[in-house]
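Novice: sharing a sequence plus its predicted fold:
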Amino acid sequence: MQSIRNVSKSFTLPIPRICIKFRGLSSAPEIRIYEVGPRDGLQNESKFVPTEHKIELINKLAAAGLKNIESASFVSPKWVKQMSDGSEVMKNLKRVPGVNYPVLIPNLKGYHIAKQCNIEEVAIFPAGSEGFSQKNLNCSVEEGLARFQEVAEQAVKDGLRVRGYISCIVGCPYDGPISPSVIAKITERLLAMGCYEVSLGDTIGVGTAGSVRRLLTEVLKVTTPDKLALHFHDTYGQGLSNLLAGLDFGIKTVDSSISGLGGCPYARGASGNLATEDLVYFLYGLGVNTHIDLVKLVEAGRFISNYLGKPTESKVNRALGDRFKDHKDIVRIAACDV
Ligand SMILES: CC(C)(COP(=O)([O-])OP(=O)([O-])OC[C@H]1O[C@@H](n2cnc3c(N)ncnc32)[C@H](O)[C@@H]1OP(=O)([O-])[O-])[C@@H](O)C(=O)NCCC(=O)NCCSC(=O)C[C@@](C)(O)CC(=O)[O-]
């Protein structure tokens, strides 16, 4: 198969012909994709995925060209059984140089377990709402922030990178709409703890381009776009339009999940994340060379969906069927060069 670098030489991808105009940029920006499938994608699945399958999925994602793959969480196994083999996953991974394998950490106990597994980056995850914090972490937002502060301090001391998530950035299944100013304040606190970036999570996928714009207008009063990432669940089918709204503010890191898997066991009604296949296809269509091989990505999505015995949630994966065997053909379709 022709490498993506060669493909990008032989195909001149048009700079977006559609309405998007990246603020302050004359051409399509580099976008950093942060794959969350092996963690966010699988944590909600009731069928236990054996450790070797989790590892195979992570290896396939790395082989497709993904450079940031959130691979496990070290939460209480009493709360999320699917993630109970985090140590085995992290100890047995075949690490590809240049690939980042972060893990999700709820407290110091989880941190100390994860620390035995050769980790380089941890993610902490306070909620933007009291109701969700109680259901997801069994504590208030303030108590959660105090626990995460301890984790962040220890991780920074140990020389690890720390990423922050905020859940329920626009709406909470228990408390309803969330004020953008609340999310801006938590963003500030996470950055002050040492997070290199804060991923804004629309946990239940209720956001729209309008609410995302209102949120980012407020959050960008306290930080800059390079410190933010976008994490959209696609429950209402708004993932890509929300992303477009976010890119317009200059944000360049996007979370997604292979095959559109995902959801949180403690967020009623939450469905999967924006599918990585859909995101990558969308970005190629905008002229962004993600350096990701779409054929291998689609195969990774089918591998895990087949294992789980359910159809893929990725529209691109479904649409491609078995017709396209070559990455460059798919890129050509994304660029409307057919
Ligand atoms: C935070 C806790 C632990 C509090 O849970 P708790 O029950 O209040 O804690 P506890 O300290 O009383 O501990 C209960 C038991 O769990 C053990 N325990 C305690 N901690 C750990 C640990 N780290 N690793 C292993 N074991 C642990 C602890 O030792 C004890 O065991 P026992 O004494 O009964 O035998 C729990 O609520 C929890 O694990 N919550 C995590 C839930 C979760 O994983 N949710 C999904 C991730 S969040 C998400 O998906 C949203 C995000 C990030 O993607 C963004 C978005 O989508 O918007």
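Specialist: Received, thanks. Please read these numbers as outputs of a predicted model, since none were measured by experiment.
Novice: for Leu230, which non-adjacent residue is closest in space?
Specialist: Sequence neighbours aside, Gly246 is the residue nearest to Leu230 in space, at 4.4 Å (criterion: CB to CB, 6 or more residues apart in numbering). Placement of C-beta: from N, CA and C, glycine included.
Novice: right, and Cys195 touches Arg163 too?
Specialist: Yes - judged on CB atoms under 8 Å, Cys195 makes contact with Arg163 at a distance of 5.9 Å.
Novice: Phe282 is in contact with Thr290, correct?
Specialist: No - counting by CB under 8 Å, no contact exists between Thr290 and Phe282, whose distance comes to 9.8 Å.
Novice: can you pull out the strands in the stretch 151-300 of the chain?
Specialist: Counting by DSSP state E, counting those that start in this stretch, the stretch 151-300 of the chain has strands at residues 161-166, 171-172, 176-177, 197-202, 228-232, 253-256.
Novice: residues in contact with the helix or strand where Leu57 lies?
Specialist: The secondary structure element spanning Leu57 is helix 51-64 (assigned by DSSP states H and E). Where contact means CB atoms under 8 Å, 6 or more residues apart in numbering, the residues beyond helix 51-64 that reach it are 35, 37-38, 42, 49, 69, 71-72, 85, 88-89, 92-94, 96, 99, 101, 258, 276, 292-293, 296-297, 299-300, 303-304, 307.
Novice: and those residues, which of them are in helices?
Specialist: With DSSP state H as the criterion, helices contain 42, 88-89, 92, 276, 296-297, 299-300, 303-304, 307 from among the contacts of helix 51-64.
Novice: quick one: which of those is most hemmed in?
Specialist: Thr276 (34 neighbours; other CB atoms under 10 Å).
Novice: residues from the stretch 101-250 of the chain in reach of the ligand?
Specialist: Taking CB under 6 Å from any ligand atom as the contact definition, the stretch 101-250 of the chain meets the ligand at 106-107, 109-110, 113, 125, 136-138, 165, 167, 201, 203, 231.
Novice: redo that, cut-off 5 Å
Specialist: Proximity of the stretch 101-250 of the chain to the ligand is assessed by CB under 5 Å from any ligand atom, with 106, 109-110, 125, 136-138, 165, 167, 201, 203 identified as the residues in range.
Novice: quick one: which of those sit in helices?
Specialist: Members of those lying in helices (criterion: DSSP H): 109-110, 136-137.
Novice: pick out the residue of the stretch 101-250 of the chain closest to the ligand.
Specialist: Among residues of the stretch 101-250 of the chain, the one nearest the ligand by CB to the nearest ligand atom turns out to be Gly201. It sits 2.2 Å away.
Novice: who's in contact with that residue?
Specialist: When contacts are counted by CB under 8 Å, 6+ apart, Gly201 touches 125, 165-169, 231, 233, 255.
Novice: straight-line length of stretch 195-206, end to end?
Specialist: Using CA to CA, to the nearest Å, the span of stretch 195-206 from its first residue to its last is 26 Å.
Novice: tell me the mean pLDDT for that stretch?
Specialist: Stretch 195-206 shows an average pLDDT of 98 in the prediction.
Novice: stretch 295-310 now?
Specialist: Per-residue confidence for stretch 295-310 averages out to 96 on the pLDDT scale.
Novice: off-centre distance for that stretch?
Specialist: Between the mean C-alpha location of stretch 295-310 and the chain-wide mean there is a distance of 17 Å, by CA atoms, centre = their mean, to the nearest Å.
Novice: is it possible to export the ones in helices among the contacts of helix 51-64 to a markdown table including distance to the ligand?
Specialist: Compiled in a markdown table, the ones in helices among the contacts of helix 51-64 are given as follows (distance: CB to the nearest ligand atom, whole Å):
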| residue | distance to the ligand |
| --- | --- |
| Leu42 | 11 |
| Glu88 | 14 |
| Val89 | 14 |
| Asn92 | 19 |
| Thr276 | 15 |
| Lys296 | 25 |
| Leu297 | 21 |
| Glu299 | 25 |
| Ala300 | 20 |
| Phe303 | 22 |
| Ile304 | 17 |
| Tyr307 | 21 |
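Novice: might one say that Pro311 is in contact with Arg302?
Specialist: No - Pro311 sits out of contact with Arg302 when judged by CB under 8 Å, with a separation of 10.0 Å.
Novice: neighbour count for these two, which is higher?
Specialist: A count of neighbours by other CB under 10 Å puts Arg302 above the other of Pro311 and Arg302, at 18 against 12.
Novice: for the more buried one, what are its contacts?
Specialist: 259, 312, 317.
Novice: from those, pick the one nearest the ligand.
Specialist: Distance from the ligand was checked for each of those by CB to the nearest ligand atom. The minimum falls on Ser259, at 16.1 Å.
Novice: how far away is the residue nearest to the closest one when sequence neighbours are not counted from Gly287?
Specialist: The shortest distance from Ser259 to any non-neighbouring residue, by CB to CB, 6+ apart, is to Gly301 (3.8 Å). Taking CB to CB, to the nearest Å as the measure, Gly301 and Gly287 are separated by 23 Å.
Novice: between the two, which has more neighbouring residues?
Specialist: Here Gly301 and Gly287 are set side by side on neighbour count (other CB under 10 Å), and the busier one is Gly301, at 30 against 17.
Novice: sorry, back to before: just flag the most distant two among the ones in helices among the residues of the stretch 101-250 of the chain next to the ligand.
Specialist: Greatest spatial distance among those (CB to CB): Lys109 and Asn136, at 16.3 Å.
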